[in-house]
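**Student:** Fold the following and give me the result.
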Amino acid sequence: MNIDIDILEKIMFSIVFFLYGIVIGSFLNVLILRTPLKESITFKRSHCMSCGHTLAWYDLFPLFSYLFLGGKCRYCKAHISWQYPLVEGLNGILYIILFLVHGISIETFLYCLCTSALISLSVIDWRTQEIPVGFNIFILILGLIRLLTDLSNWSQYVIGLFAVSGFLLLIILLTKGRGMGGGDMKLMATTGLLLGWKLNIIAFLIGCILASVIHLTIMAIKKADHVLAFGPYLSAGIYIAMIWGEQLVSWYLSMWAFESLH
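**Tutor:** Residues are numbered from 1 along each chain as shown. Take a look at the predicted model:
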């Protein structure tokens, strides 16, 4: 389903993907702020978190408003959290990477939307140690769309639904919920339906490696609590699998074939 495009078209499409990415990134900040507080994400207008002043439309341009205002509220001059431009910019950049890897395809659009959900749930999980169920439902819908658009390979998506999540469910049962969170299990189930079982296993392994290295480092440097918010690491693994998963699977299979010949 990929479309061959020249360099100029790639640049133009990259700009479009980035602009869409930062616009959606602005909405992600609303989700990150209001979801844990159970506040409406549609009917409550955006406002300054310091003075409460309702923001005008020209204060809400993704990324550019933050830069133009110098990172301060137009009305009370309080500093605006770095989270806002970071989430917006990161979402835009990750959209570009997905486009450059997968081109204009159904995978690109589904992976972009999934990436936005992963960014949001990662920030929320890092702060609250909880992954809101709405994000997993959203990714599940993306997975169902992927399944319906690739029915000839339906088995890899259905197996993906259980390949990692079944293992995590076993851990939950054996540790009585102390060894793994239910949100993490549901996340790997829904992304398994979207990615297929091979890429989902790759994503889980990468997430485990990142968690081991990064969290242990944080614990050593900052004397942080041993309680682990696993969502951000799994999300990073999932995104990496979207980008390099197929290559990693091919590399592993080629290594296995080479070893079997010797």
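
**Student:** Need the three-state assignment for the residue nearest the centre of the chain.
**Tutor:** By Cα atoms, centre = their mean, the chain has its centre lying nearest to residue 118, at 2.1 Å. Following DSSP: H, G, I helix; E, B strand; the rest coil, residue 118 is assigned to helix.

**Student:** The closest residue to it other than its chain neighbours is in what secondary structure piece?
**Tutor:** With sequence-adjacent residues excluded and distances taken as Cβ to Cβ, 6 or more residues apart in numbering, residue 118 is closest to residue 235, at 3.8 Å. C-beta: built from backbone N, CA, C; applies to glycine. For residue 235, the element it lies in under DSSP states H and E is helix 231-261.

**Student:** in that helix, what counts as buried?
**Tutor:** For helix 231-261, burial by neighbour count (16 or more other Cβ atoms under 10 Å) applies to 231-243, 245, 248-249.

**Student:** What separation do you get for the nearest residue to residue 34 once chain neighbours are set aside and residue 88?
**Tutor:** Sequence neighbours aside, residue 41 is the residue nearest to residue 34 in space, at 5.3 Å (criterion: Cβ to Cβ, 6+ apart). Remark: distance between residue 41 and residue 88 (Cβ to Cβ, to the nearest Å) = 16 Å.

**Student:** The two: which is more packed in?
**Tutor:** Using other Cβ atoms under 10 Å as the criterion, residue 41 and residue 88 rank with residue 88 on top: 26 against 12.

**Student:** Spatially, which residue comes closest to the more buried one, not counting chain neighbours?
**Tutor:** Using Cβ to Cβ, 6+ apart and skipping the chain neighbours, the partner closest in space to residue 88 is residue 25 (3.5 Å).

**Student:** hang on, the one you found in a helix?
**Tutor:** Yes - the assignment for residue 25 by three-state DSSP puts it in a helix.

**Student:** so where's the stretch 1-150 of the chain uncertain?
**Tutor:** 1-5, 42-43, 47-50, 52-53, 56-60 (pLDDT under 70).

**Student:** try 90 this time
**Tutor:** Under the criterion pLDDT under 90, the flagged ranges of the stretch 1-150 of the chain are 1-9, 34, 36-82, 129.

**Student:** can you give me the helices in it?
**Tutor:** Secondary structure of the stretch 1-150 of the chain (DSSP state H, counting those that start in this stretch): helices at 7-34, 64-68, 83-102, 106-128, 133-148.
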